[in-house]
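need a 3D model of the sequence below.
(chains A and B)
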Amino acid sequence: MRTMFVLALLLLVALAGCGPAAQAPSVAPTAAPPAPTEAAPVAPTAAPAAPTVAPAPTPVLGGTVTRAITAEPTSLDPHAAPGSGQNVILPYIFDTLVFRDMDNSYQPYLATGWEIAPDGKSVTFTLRDDVTFHDGTPLNAEAVAFTFKRFKEAKTSAGEGLASMTDVEALDDYTVRFTFTEPSAVFFSTLATPYAGIVSPAAVEAAGDAFGQQPVGSGPFKVAAWQQGTEVVLERNPDYRWSPAPVTNPGAPYLDRVVFKVIPDASTQLAALQAGEVDLIFVNSPNHIEKLKADPSVELIETRLNSLIYLGFNCAKAPLDEVEVRQALSHAVNKEEILAVALGGTGQVAFAPMAPTLPGFDPGLQQYELGYDPARASALLTEAGFAPGADGTLTRNGQPLNLTLLTFARAPNEDVATLLQSQLKAIGVNVTIQQYDTPTAAKAATEGQYDLLLWRYDRNDADVLNVNLHSSRIGSSNRFGYSNPRVDELLDQAARELNEATRASYYVEAQKLIMADAPWQPLYVPVDVLAINKRVQNYHLASMGRILLNEAQVLTQ
Amino acid sequence: MAGYVLRRIGGAVLMLLAVSLIVFALLDVVPGDAAQTLAGDLASQEQLAAVRRELGLDQPLLVRYARFIEGVMFRGDLGASVVSGRPVAALLAERFGATLKLALAALGMALAAGLLVGTLAAVRAGGYLDLAVMAAATLGESLPSFWVALLLIQLFALRLGWLPVFGAGSPAHLVLPAVTLALPAIALLSRLVRSCLLDVRSADFVRTARAKGLGPLLVWRDHIFRNAILPVITILGLYLGHILGGAFIIETIFAWPGLGRLVVQAIFDRDVPVVVGAVLLIAVIYQVLNLAVDLIHAWLDPRVGHEAI
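Numbers count the residues shown, from 1 in each chain, chains lettered A, B, ... in the order given. Below you'll find the predicted structure:
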């Protein structure tokens, strides 16, 4: 027994001497930009991937970071149906060809470089030659080609960015070429999503349909255990040597484990964080944020997820098919009040259809905003032939202006909907709120069974406008029946344009027209707050709310 | 007796057929389907149609139902989850154990505490103890369980730090969810035990027993208790079903990996095979419980046995 103990001690000492701990000190003290709460990635131009807390003490090997997830993923196969929970876990297991930085620029990751053909119809990537999957097989051009053929065939909405891709072929062991029918502007943002993680072809063939339960990638962590309904346990990949740009640790993560605990209830997540049972949660409720502000052991980080909350109008349905009516209703909306009352002062007023963190957003678009102006709203409706009836409701040809507002059940939609209802009531419009679970609401929205739609998008590419407002999408993802040939033309041009600045200018032009047509009244940009126990140090915040734990450590209390 | 049991089983099978058809039909009427879950919020009509074809969701309701019944009847196969592709039977097996553990722990607590408190109240009927117990019971029945759960978490997990906030794995994890689930049952049972004991206490045969000179302990044990327990067992059997239902909310709050959360997620995903499988499992449990309660009744009370068999 005693000899065992001595042996174990010796082993420990030896490990501490030669493990990553030895190279770590060079990392810690230099990389200490201001804490992200101040530096907050509010402006899209903020420093790429702001690391965390002040200079870390000597890095310690080992430890576990535990994160709460609201919904358990059904599969950890990146090419399975995109559902909740999985996009949080996937980046730890899988690497992607390129890495998307906080400023939405693309950095080398598994690809060391790339070349776009002059006609824009093919892109050739050079890969790192030292990468292996968790199962020991090499990550080479064949594996990349296999991955993207599989991704395209998977028919998920996440793979839509590959629509114009015709082929992907390995030119040699570490060179791979993608070819397209026309230049694809969404290609790079698709490459950077967790759904484009490179999978091990050998493991996919061996596991078949079960790959989603036992995924094999090349990421900094690998799946150690998955207990259905309870937790997904990842353990460090000791062979990891290919961290993306913002990480200064070139080798394997210091942490032993990252554990994702499934906790469906937000109040329980909060209690678990405060009790120290989990280290990391996402917080939506303003009440919970207030509570956590008072907790000295917790740090709050605001993240922007390229999201927008908007009020959509059903342009195919009377009287909202009249642009004056849509403009009038837009003028009746008081966004400041929504922020103050429903969001507890968090969030940021939106005026453009493009989220401020996406390319194609332009602060200059604010002059086209249909801002809060109830007098103008009433005037426009009077011009359109509406007059107040006996009870104050606006009426035209004997028809009172009664509208339904459709939304999905998620905080704080109910509060926002209620405020919109009262704001529209003030100009004489009656609104009935219909709130359903997401699949039900989505179906009703797609079928156009609504007048007003309170909705949210989270999308990592400016093509969000193509998806939602291009007339070719009417009946599917264009739920607004919105059609403007000039807007279509600009969106098409943007979809083919590989020059970022030119592409952005098409989107700015399109937005000017869209804002005048008013199929949407953009309401606000939500702030999702990440609460993290201060014992977790040296994590990195990346785009899309991702938290890199490649060099994170935990302080022992 | 055997004929009675067989008749009951035959009835149960018909009932299960009806339940499965109703669930199928209900999920068909509800807007949205699994294809939408799989293809995502912004999928095009073509993507949706392709996924539907692949899953067989483009077939009429009765065809899908017939296929399901055929699988169950001839292959004992409940089918596979449309969303994850895993066999429904395996999913149910994984989750049901946790729910059963929670339900039995809660039932055990409810039975022990309910009998004790109810008996104490009956013995001291009309006294201060009785009054206090009945007031507490009324309160216990009316408090919403999600609120009780949050209070318990605040007190025992956050303030005192005695018990974990959420999760499963150790006996300590079981305490808070089981207590939350047991509280309304304790309240109900103690009231029931009390009133049954009081009813029986004034019955003629108890007076006779006392008149024979039997000691108070023997009167309570052999005459009052044994007779008063019958309705308690009936209610308990039915209440286990109620507890299984209540467990759905409790499981969500305490992140307990049980059947309830599986079903709730499956309903949101419109994952019909999982929902149908789980509802059938619960229906089977109800049937088995009902049958067990009736048989125990027959065994405890010879009069019931002669009438029914």
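
which residues in the stretch 451-557 of chain A form helices?
A:464-469, A:485-496, A:500-517 (DSSP state H, counting those that start in this stretch).

now the residue in the stretch 351-500 of chain A positioned nearest to chain B. Nearest residue, chain neighbours left out?
Chain B sits closest to A:Pro439 of the stretch 351-500 of chain A, with a gap of 3.3 Å, by C-beta to the nearest C-beta. C-beta: built from backbone N, CA, C; applies to glycine. Nearest residue to A:Pro439, sequence neighbours excluded (C-beta to C-beta, 6 or more residues apart in numbering or on different chains): B:Gly32, at 3.3 Å.

next one: stretch B:235-248 to chain centre, how far?
In terms of C-alpha atoms, centre = their mean, to the nearest Å, the centre of stretch B:235-248 is found 3 Å from the chain centre.

does any bit of it sit next to chain A?
No: on the criterion C-beta under 8 Å from any C-beta of the partner chain, stretch B:235-248 is out of touch with chain A, staying 11.1 Å away.

rounded mean pLDDT for that stretch, please.
The average pLDDT for stretch B:235-248 rounds to 78.

in it, what's buried?
B:Ile235, B:Leu236, B:Gly237, B:Tyr239, B:Leu240, B:Gly241, B:Ile243, B:Leu244, B:Gly246, B:Ala247, B:Phe248 (16 or more other C-beta atoms under 10 Å in any protein chain shown).

quick one: B:Ala106 from B:Leu151, how far?
Distance, B:Ala106 to B:Leu151, by C-beta to C-beta, to the nearest Å: 17 Å.

those two: which is more packed in?
B:Ala106 (28 against 12; other C-beta atoms under 10 Å in any protein chain shown).

before we move on, the earlier item: now do the SS call for the residue nearest to A:Pro439.
The three-state label given to B:Gly32 by DSSP: H, G, I helix; E, B strand; the rest coil is coil.

again, but for A:Asn104
A:Asn104 ends up coil, using three-state DSSP.

that one: how many residues sit nearby?
21.

would you confirm that it contacts A:Ser543?
Yes: here A:Asn104 reaches A:Ser543: they are 6.5 Å apart, a contact under C-beta atoms under 8 Å.

make JSON lines out of the buried residues of stretch B:235-248 and add distance to B:Leu26 and secondary structure.
Converted to JSON lines, the buried residues of stretch B:235-248 look like this (distance: C-beta to C-beta, whole Å; DSSP: H, G, I helix; E, B strand; the rest coil):
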{"residue": "B:Ile235", "distance to B:Leu26": "29", "secondary structure": "helix"}
{"residue": "B:Leu236", "distance to B:Leu26": "30", "secondary structure": "helix"}
{"residue": "B:Gly237", "distance to B:Leu26": "27", "secondary structure": "helix"}
{"residue": "B:Tyr239", "distance to B:Leu26": "26", "secondary structure": "helix"}
{"residue": "B:Leu240", "distance to B:Leu26": "25", "secondary structure": "helix"}
{"residue": "B:Gly241", "distance to B:Leu26": "20", "secondary structure": "helix"}
{"residue": "B:Ile243", "distance to B:Leu26": "24", "secondary structure": "helix"}
{"residue": "B:Leu244", "distance to B:Leu26": "19", "secondary structure": "helix"}
{"residue": "B:Gly246", "distance to B:Leu26": "22", "secondary structure": "helix"}
{"residue": "B:Ala247", "distance to B:Leu26": "22", "secondary structure": "helix"}
{"residue": "B:Phe248", "distance to B:Leu26": "17", "secondary structure": "helix"}
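
among those residues, which two are most distant?
Spanning the widest gap among the buried residues of stretch B:235-248 are B:Ile235 and B:Phe248, at 20.6 Å by C-beta to C-beta.

run through chain B and note the low-pLDDT ranges.
Within chain B, the segments meeting pLDDT under 70 span B:1, B:40-43, B:302-309.

how's it carved up into domains?
B:2-75, B:95-308 (automatic domain parsing).

repeat for chain A
A:4-20+A:63-302+A:529-556, A:307-526.

out of those domains, which gets nearest to B:Ala178?
Closest among the domains of chain A, using C-beta to C-beta: domain A:4-20+A:63-302+A:529-556, at 16.0 Å.

what's the distance between that closest one and the middle of its chain?
14 Å.

surely the residue of the stretch 351-500 of chain A closest to chain B is in a helix?
Yes: under three-state DSSP, A:Pro439 falls within a helix.

who touches it in this structure?
B:Pro31, B:Gly32, B:Asp33, B:Gln36, B:Thr37, B:Phe268, B:Asp269, B:Arg270 (C-beta atoms under 8 Å, 6 or more residues apart in numbering or on different chains).

distance to A:Val60 for the residues you listed - can I get that in a markdown table?
A markdown table is the format used below for the contacts of A:Pro439 (distance: C-beta to C-beta, whole Å):
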| residue | distance to A:Val60 |
| --- | --- |
| B:Pro31 | 52 |
| B:Gly32 | 48 |
| B:Asp33 | 50 |
| B:Gln36 | 46 |
| B:Thr37 | 42 |
| B:Phe268 | 41 |
| B:Asp269 | 41 |
| B:Arg270 | 47 |
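
any idea which of the residues you listed is closest to chain A?
Comparing the contacts of A:Pro439 against chain A with C-beta to the nearest C-beta picks out B:Gly32 as the nearest, at 3.3 Å.

so how far is A:Ser422 from the closest one?
Distance, B:Gly32 to A:Ser422, by C-beta to C-beta: 30 Å.

repeat that for A:Ala352.
Counting by C-beta to C-beta - A:Ala352 and A:Ser422 are separated by 25 Å.

tell me which of these two has more neighbours.
Neighbour count, other C-beta under 10 Å: between A:Ala352 and A:Ser422, A:Ala352 has more, with 25 against 12.

list the buried residues of stretch A:373-388.
Across stretch A:373-388, burial judged by 16+ other C-beta under 10 Å covers A:Asp373, A:Pro374, A:Arg376, A:Ala377, A:Ser378, A:Leu380, A:Leu381, A:Ala384, A:Phe386.

about what we covered before: show the buried residues in the contacts of A:Pro439.
Buried members of the contacts of A:Pro439, counted by 16+ other C-beta under 10 Å: B:Pro31, B:Gly32, B:Asp33, B:Gln36, B:Thr37, B:Phe268, B:Asp269, B:Arg270.

out of the helices of the stretch 451-557 of chain A, which comes closest to A:Val341?
Of all those, helix A:500-517 comes closest under C-beta to C-beta, at 24.9 Å.

low-confidence ranges, chain A, go.
For chain A, the ranges with pLDDT under 70 are A:1-59, A:83-84, A:557.

so what's residue 258 up against?
Using chain A. By C-beta under 8 Å, 6+ apart, A:Val258 lies in contact with A:Thr64, A:Val65, A:Thr66, A:Arg67, A:Tyr92, A:Phe221, A:Val233, A:Leu234, A:Leu549.

sorry, should have said chain B
Shown in contact with B:Gly258 (C-beta under 8 Å, 6+ apart): A:Gly229, B:Arg95, B:Phe96, B:Ala98, B:Thr99, B:Leu102, B:Ala247, B:Phe248, B:Glu251.

B:Ala247 too?
B:Ala247 sits in contact with B:Thr99, B:Leu102, B:Ala103, B:Ala106, B:Pro177, B:Leu181, B:Trp256, B:Gly258, B:Leu259, B:Gly260, where contact means C-beta under 8 Å, 6+ apart.

that'll do, ta.
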